[in-house]
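J.: Build me a structure from this.
(chains A and B)
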Number of protein chains: 2
Amino acid sequence: MENKVKRNLPDDLMTDMNLKPFESVVVGNPEVKRVAPKVQVTTGESKVVDSLEEVIKKTLKDGMTISFHHHFRNGDFAFNKVMDLIIKMGYQDLTLAPSSLTGVMNDKVIEAIKKGVITNITSSGMRGSLGDFVSHGGLENPVIFRSHGNRARSIEEGEIKIDVAFLGVPNSDPAGNANGQEGDAVFGSLGYALIDSQYANKVVLLTDNIVDYPNTPASIKQTQVDYVVKVDQIGDADKIGSGATRFTKDPKELKIAQTVNQVITNSPYYKQGFSFQTGSGGAALAVTRYLRESMLKDGITASFALGGITKPTTDLLEEGLVKKIMDVQDFDKGAAASMAKNKNQQEIDASWYADPHNKGAVVNNLDVAILSALQIDTDFNVNVMTGSDGVIRGAIGGHQDAAAAKMTIITAPLVRGRNATVVPAVETVVTPGDSIDVLVTERGIAINPRRKDLIDAFAKVPELNVVDIKELQKMAQEQVGVPKPLAYTDRTVALIQYRDGTIIDTIKQVKD
Amino acid sequence: MENKVKRNLPDDLMTDMNLKPFESVVVGNPEVKRVAPKVQVTTGESKVVDSLEEVIKKTLKDGMTISFHHHFRNGDFAFNKVMDLIIKMGYQDLTLAPSSLTGVMNDKVIEAIKKGVITNITSSGMRGSLGDFVSHGGLENPVIFRSHGNRARSIEEGEIKIDVAFLGVPNSDPAGNANGQEGDAVFGSLGYALIDSQYANKVVLLTDNIVDYPNTPASIKQTQVDYVVKVDQIGDADKIGSGATRFTKDPKELKIAQTVNQVITNSPYYKQGFSFQTGSGGAALAVTRYLRESMLKDGITASFALGGITKPTTDLLEEGLVKKIMDVQDFDKGAAASMAKNKNQQEIDASWYADPHNKGAVVNNLDVAILSALQIDTDFNVNVMTGSDGVIRGAIGGHQDAAAAKMTIITAPLVRGRNATVVPAVETVVTPGDSIDVLVTERGIAINPRRKDLIDAFAKVPELNVVDIKELQKMAQEQVGVPKPLAYTDRTVALIQYRDGTIIDTIKQVKD
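T.: Purely as a prediction, here's the structure:
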């Protein structure tokens, strides 16, 4: 069958897995029924245990679904500690359902797949050796990629049923009250993990830092926690996020950032109390810097900044240019440290952030989102999942979710190395063009024809070089030529869900 | 049938309503399945509506269950506004399931019962004209009285299914983010209402104060709210709680308070990091004062204070004598105002406070609870629900819940007016004697024979006049004589649940 972004979906898989094809970015007003966990009652004064093995034995059975969070990013020690034991203990046929997978987890995941310990995976993304392994057919069942908002939705509606969540935290009291804000390995917001702690049948915390009861603020609450496992070290603080924020010096990125700022400040959304999500990465940080200058000059303050937060954004909060930060994760030490100090930096969970099946999530109130792309095509569809070689090397993250903003801007250089970024058709559709409004490249900006209001608004701005996206695609093609089509087998190695759970695209096994 | 506190329960009602008799204060380790609400999806940028009638029309049907909170206490304008319209609109056969009912609600509830609008009630308590009305057979179906922790449990396990929650708040943004801490009618913690906002199928906020988005801290979240109704005035700040705290000057109460302090400070629990719940009321406030003096003298600080919070307790927080306050409700303006200022005053919901079917609630970590009694009998069973005339005039509140503390102290004068407080058998068992440890009266203290450790500990304290509770009962009887037994009809007007949902006692219609 073909879906609304013209992707062919494998009929057998769609039927077997009871999946629906992507239809529309419009969520509408369905009534959804949520699910709830089972609770094993305890008076729970102290849940501290030394033996992780004992806890795994008590909670885990073959065939179950286990989850982790990725707030420690590449400083994570929790995942490998747990997975190593699970492999050694000989478990089989588990489904791995973390909020995402970071590079430090790759070796253990591959080992677990090879030994039959993990037979299913759902994640926001995967990179490096694991992406390569899966793209070459290493996992029998297709990976399901979900955005952060969609993962929250799937858990809340029972499509992902977590049996045991193993959650690393930089602190916990003996009863399981924990947050991400104090300790040796702080990461700030526990946003993604809060869904696991609320919906998993069993919740196991791992920490190197048992603090006095009652530990507040309790992002994770004692009412949700079954065991607190004391470990030697839960994470490497230096690898959680970049220590110091480095702005790009790449003239192309600076040009793009400057143009993004012009797009924002000339848009109808740029007024007292507007809101934005900039994300991380070189261009994004530079956008924040330019935006700050404009806001100071124009006397405009933002009602809130959203998303994965960086220090330049918490600096705006300190300065009063941003009134609130709605914080689902922190990308660097500065942002993480700020949360404990500034009560206007509100921790939000992934559902509040972006579950499309909500009574409104924060993304629905967002004015401007700035997002990146590995590829964008002439229908404005965006790929953030597969490289120009067709191999998995990315993550949906909050991409589909933040694109619910009133104006979604994609930033991308026209080409990267020998590969065009603006293409006739993306290898993998992750975020549908219907939710993308503006593309900013170093050679000009393109506006989605759907957005006649923005076309009119930006026509009045001489410094904005508005061109047709097909022109940008041609310019890119002129630079790097037409690539040979990639060679895939018929086998589906991954399914890309849209945020409502429908299938927007698939990823096929690459031919080598 | 007779239950474990020797109360005869009506077989027909027990069978018809599928109820179980009270067995034990030991909760054990059952596995319970929780429920979840239905969610009507909306992008929900603004949910503000002017017409309460319109909202009621859209959300309410005959036979549904509606809920309210009682955090505004006698300053509540929300309940009567809503109920008045519901009566006028001609709804029938509703179940009223508020966190509790305060005096200002009485007239409207009685009117609604008389007109068939309300046919079932569950509440923590009722007083004054409504208690009188129910005790005289005004409501056909028996009221079900539940403690705050039991109400949370019942909602979480689906025994109370709230169709529409009408929640008054002193502030909300247009999307429904709200707290109890800013505005004209602040009450501090939204503890009881948080359960409604999480589990009701439809959540309607009423407020006189629409603030900018995003409103933080968001005790109630936009993801939970369907409508925000703007009203002229949501509450009378002066009637929410007593403005200034007044200590008792009654020598009997002072004597009791002093003795309670001696009991605490001579108990094995009085050490660095202990915890306590004192509640409100004259003696309780005086206890806090004496306890403060002892803590200063002995160099002891508490890890936390729990419960309904008063200014003397938030003063201890400011002074550093208490490290954290776990706050499910605030009894006065000072405590309410403190929450916005002091991050160590942690808002907790009723489930975290006291749901017995949890992975541990805060009451399970509580060392000392000081509770009051209308009556206590020689088995240490406590009545906080019916007066000496058998008429409903009280509330369970957190009584059964806080009695989960390691040492539960009941304070009571031996007699009140012409009525004994210490009696051979209480009119109504609310909190079973098995969870009561010490009774403090102005004539001496009695220790539950179950607590041999406390008997030993207090035997070494000469200033504590330890007597058998039967002696105290005799002293009381000597003062006021033996009252005539009360006359009741056979009809059950109310059922008292223990916190696990079993039936601990019933209340019969009084004969006039």
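J.: what helices or strands is the lowest-mean-pLDDT helix or strand in chain A leaning on?
T.: None of the helices or strands of chain A scores lower by mean pLDDT, DSSP states H and E than helix A:237-240, at a mean of 88. On a contact count with 3 or more Cβ pairs under 8 Å, 6 or more residues apart in numbering or on different chains; DSSP states H and E, helix A:237-240 meets helix A:333-341. (C-beta placed from N, C-alpha, C; glycine too.)
J.: Quick check: mean pLDDT of the helix it packs on?
T.: Taken as a whole, helix A:333-341 has an average pLDDT of 94.
J.: partner strands of the helix or strand following it, parallel or antiparallel?
T.: The helix or strand immediately downstream of helix A:333-341 is strand A:345-347, counting by DSSP states H and E. Using DSSP bridges, strand A:345-347 pairs in its sheet with strand A:322-330 (parallel).
J.: Please work out the average pLDDT along the partner strand.
T.: 97.
J.: Show me what from the stretch 251-400 of chain A comes close to chain B.
T.: A:273, A:303-304, A:323-324, A:326, A:343-344, A:346, A:351-352, A:355-362, A:364-365 (Cβ under 8 Å from any Cβ of the partner chain).
J.: Take these and keep only those in strands.
T.: Of those, the ones assigned to strands by DSSP state E are A:303-304, A:323-324, A:326, A:346.
J.: got the contact list for A:G63?
T.: A:92-94 (Cβ atoms under 8 Å, 6 or more residues apart in numbering or on different chains).
J.: how about the helices in the stretch 1-150 of chain A?
T.: A:11-16, A:52-59, A:78-88, A:106-114, A:128-135, A:148-156 (DSSP state H, counting those that start in this stretch).
J.: buried ones in the longest one?
T.: By neighbour count on 16 or more other Cβ atoms under 10 Å in any protein chain shown, the buried set for helix A:78-88 is A:78-79, A:81-83, A:85-87.
J.: what's that helix packed up against?
T.: Looks like helix A:78-88 contacts helix A:52-59, helix A:106-114, strand A:164-168, strand A:202-207 (3+ Cβ pairs under 8 Å, 6+ apart).
J.: Name the residues that touch it?
T.: Contacts for helix A:78-88 (Cβ under 8 Å, 6+ apart): A:52-53, A:56, A:60, A:66, A:68, A:72, A:94, A:98, A:104-105, A:108-109, A:111-112, A:115, A:117, A:166-168, A:206, A:231, A:234-235.
J.: Also the last one?
T.: Around helix A:148-156, the neighbours that count as contacts under Cβ under 8 Å, 6+ apart are A:34-35, A:97, A:99, A:122, A:124, A:146, A:159-160, A:162, A:192, A:195-196, A:199, A:328, A:349-351, A:353-357, A:361, A:363, A:396-398, A:400-401, A:497-501, B:36.
J.: Same check on the fifth one?
T.: Outside of helix A:128-135, the residues within contact range by Cβ under 8 Å, 6+ apart are A:101, A:103, A:105-107, A:109-110, A:113, A:121, A:126, A:139, A:143, A:386, A:390-394, A:493-494, A:507, A:509-510.
J.: Just want the residue of the stretch 401-512 of chain A that's nearest chain B.
T.: Distances between the stretch 401-512 of chain A and chain B by Cβ to the nearest Cβ are smallest at A:A404, namely 7.8 Å.
J.: residues near that residue, how many?
T.: A:A404 has 23 neighbours, counted by other Cβ atoms under 10 Å in any protein chain shown.
J.: Contacts only, for the closest residue to it other than its chain neighbours.
T.: Counting by Cβ to Cβ, 6 or more residues apart in numbering or on different chains, A:V363 is the residue found nearest to A:A404 once chain neighbours are left out, at 4.3 Å. Going by Cβ under 8 Å, 6+ apart, A:V363 touches A:149, A:277, A:306, A:353-354, A:369, A:398, A:401-402, A:404-405.
J.: just to revisit the earlier point, could I have the buried ones of the residues of the stretch 251-400 of chain A next to chain B as ChimeraX selection syntax?
T.: Buried residues within these, by 16+ other Cβ under 10 Å, are selected in ChimeraX with:
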select /A:303,304,323,324,326,344,346,351,352,355,356,357,358,359,360,361,362,364,365
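J.: can you map out the helices along the stretch 201-350 of chain A?
T.: According to DSSP H, counting those that start in this stretch, the helices that the stretch 201-350 of chain A contains are A:237-240, A:251-265, A:282-298, A:311-319, A:333-341, A:350-354.
J.: in the stretch 351-500 of chain A, which spans are strands?
T.: A:368-372, A:375-377, A:382-383, A:394-395, A:407-411, A:415-416, A:419-420, A:422-423, A:438-441, A:444-447, A:488-497 (DSSP state E, counting those that start in this stretch).
J.: Output the helices of the stretch 1-150 of chain A as JSON lines; include the columns distance to B:A446 and mean pLDDT.
T.: Shown next, in JSON lines, are those (distance: least, Cβ to Cβ, whole Å; pLDDT from 0 to 100):
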{"stretch": "helix A:11-16", "distance to B:A446": "69", "mean pLDDT": "96"}
{"stretch": "helix A:52-59", "distance to B:A446": "42", "mean pLDDT": "98"}
{"stretch": "helix A:78-88", "distance to B:A446": "51", "mean pLDDT": "98"}
{"stretch": "helix A:106-114", "distance to B:A446": "61", "mean pLDDT": "98"}
{"stretch": "helix A:128-135", "distance to B:A446": "67", "mean pLDDT": "98"}
{"stretch": "helix A:148-156", "distance to B:A446": "51", "mean pLDDT": "98"}
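J.: Could you identify which of the ones you listed is most buried?
T.: With neighbours defined as mean count of other Cβ atoms under 10 Å in any protein chain shown, the helices of the stretch 1-150 of chain A peak in mean count at helix A:148-156, which reaches a mean of 29.
J.: Tell me which residues touch the residue nearest in space to the middle of chain A, please.
T.: For chain A, A:G397 is the residue whose C-alpha lies nearest the centre (Cα atoms, centre = their mean; 1.7 Å). By Cβ under 8 Å, 6+ apart, the residues touching A:G397 are A:100, A:124-125, A:147-148, A:308, A:384.
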